[in-house]
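> okay, sequence plus prediction incoming.
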Protein chains: 2
Amino acid sequence: MRIGELGKAAGVDGETIRYYERAGLLPTPARTHNGYRAYGVAHLERLAFIRHCRALDVPLAEIRRLLDFVDRPDADCGDIDRLIEAQLTRVRARLKSMRALEKQLAALRSRCEAGHVAAECGILHELVAAAHGEACACHASAPDSAAGARAAKRR
Amino acid sequence: MRIGELGKAAGVDGETIRYYERAGLLPTPARTHNGYRAYGVAHLERLAFIRHCRALDVPLAEIRRLLDFVDRPDADCGDIDRLIEAQLTRVRARLKSMRALEKQLAALRSRCEAGHVAAECGILHELVAAAHGEACACHASAPDSAAGARAAKRR
DNA sequence: CTAAAACCCTGTAGCCGCTCCAGGGTCAAG
DNA sequence: CTTGACCCTGGAGCGGCTACAGGGTTTTAG
């Protein structure tokens, strides 16, 4: 299998496959006489595994650790447990801040009716009000807006 | 006001302020005799505005556009409307895929009880099963798992 | 048979939004 | 007079790709 075929089979761009190889996630494949990468079924499996984990938003570093488990089937499995648990915790935290975000944006949007001029735009007014530390439709109180900013940062 | 004070007032790191300046979001401030940046209230306002938008996960490029509106109060406001609408759409799409993600991870977690060895780990089995294109606790059917991957990519 | 299109290779740079570092200067307190 | 807190510039690094440039090879169409 050449890189294009493998890519098509796994739904991944060829450049990304080469990137995974450089990153040490995919073993270096054999080469044909002309230097093209030659992949086997094992590679496709491993690549599908990686994509599946990425679909779960698992970072590449942790995928590397998971792949280690795949390669050493006699290792203790508690670590896998904890890894998934940690990922779930991350995702839930992010979900929470995203839900708050949606509310804030929805509130903002309702402030503006089209056809205005910027000076009278409710959205802009709200955003500028935040700059004065006033309570606004987005953030209940000023000190908390800073906390929101911090929450958004630490995804 | 020096950069440290400004940073404290707005809850932003000094390095980030300099970054915003380089990025063209904050106007270049005056300098004191020794070369230190000297900020006024206008800078604090503008910085707070930026942080507020960032808390709403608005990209810097769009914040730049919003700041243009702040500076030109006679412009048409429909664009602001559309900008917030687009941001809301982005956030909602991301929310949707995150919710799916949470479900998948929760399902995965329930597959494993501690004390096992990797070879018998339900989580690992599920993840490997995906590599074979089988239906798994995470993804109802194989073809859709590729779609999930694509959705996760395009945040 | 040939020319064009489609694939492959390597290596490097860019994206976002910061964050951190090295290697220096400046200033107030103890 | 030293210590420590602050400030400066310029550059590199993060993650997870993506997009070149500048070459080579293979496949397909005419």
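Cool, got the structure. Residues are numbered from 1 along each chain as shown, chains lettered A, B, ... in the order given.

> select the longest helix from chain A.
Scanning chain A for the helix with the most residues, using DSSP state H, yields helix A:78-109.

> wait, does it contact DNA strand C?
No: Helix A:78-109 stays clear of DNA strand C (C-beta under 7 Å from any atom of the strand), getting no nearer than 13.7 Å. All C-beta atoms are positioned from the backbone trio N, CA, C, and that covers glycine.

> which ones are touching the residue nearest the centre of chain A?
Taking C-alpha atoms, centre = their mean, the centroid of chain A lies closest to A:Asp57, which sits 5.0 Å from it. Contacts for A:Asp57 (C-beta atoms under 8 Å, 6 or more residues apart in numbering or on different chains) come out as A:87, A:90-91, B:101, B:152.

> could you find the two of those that are most distant from each other?
Within those, two members stand farthest from each other by C-beta to C-beta: A:Arg90 and B:Ala152, at 13.8 Å.

> between the two, which has more neighbouring residues?
Taking neighbours as other C-beta atoms under 10 Å in any protein chain shown, A:Arg90 and B:Ala152 compare with B:Ala152 leading, 18 against 15.

> which is the next helix or strand following the longest helix of chain A?
Following helix A:78-109 in sequence order, the next helix or strand is helix A:122-131 (DSSP states H and E).

> look up how far DNA strand D lies from whichever residue of chain A sits closest to DNA strand C.
Residue of chain A nearest DNA strand C, by C-beta to the nearest atom of the strand: A:Gly4 (2.7 Å). Separation of A:Gly4 from DNA strand D (C-beta to the nearest atom of the strand, to the nearest Å): 11 Å.

> what of A:Ile80?
A:Ile80 is 18 Å from DNA strand D, by C-beta to the nearest atom of the strand.

> wait, that residue touches B:Ala118, no?
Yes: counting by C-beta atoms under 8 Å, B:Ala118 is a contact partner of A:Ile80 at 6.8 Å.

> now do the shared contacts for the two.
A:69, B:124.

> host element of the residue lying farthest from the centre of chain A?
Farthest-out residue of chain A from its mean C-alpha position, per C-alpha atoms, centre = their mean: A:His33, at 38.3 Å. Using DSSP H and E, A:His33 is not contained in any helix or strand.

> now do it, the pLDDT please.
Per-residue pLDDT puts A:His33 at 95.

> if we can go back for a sec, quick check: which element contains the residue of chain A closest to DNA strand C?
Assigned by DSSP H and E, A:Gly4 falls in helix A:3-10.

> just the residues contacting that helix, thanks.
A:1, A:12-14, A:16-18, A:36-37, A:39, A:43-44, A:47-48, A:51, B:146.

> so which of those sits lowest on pLDDT?
For those, the least confident entry is B:Ala146, with 33.

> how is the spatially closest residue to A:Glu21 that is not a sequence neighbour assigned, secondary-structure-wise?
Spatial nearest neighbour of A:Glu21, chain neighbours left out: A:Thr28 (6.1 Å); criterion: C-beta to C-beta, 6 or more residues apart in numbering or on different chains. Using DSSP: H, G, I helix; E, B strand; the rest coil, the secondary structure recorded for A:Thr28 is coil.

> now do A:Gly35
Taken by three-state DSSP, the conformation at A:Gly35 corresponds to coil.

> how about A:Asp74?
Strictly by three-state DSSP, A:Asp74 counts as coil.

> quick one: contacts for it?
Taking C-beta under 8 Å, 6+ apart, one finds B:117-119 in contact with A:Asp74.

> can you do 6 Å?
If a contact means C-beta atoms under 6 Å, 6 or more residues apart in numbering or on different chains, then A:Asp74 has B:Val117 as its contacts.

> all good on my end, thank you.
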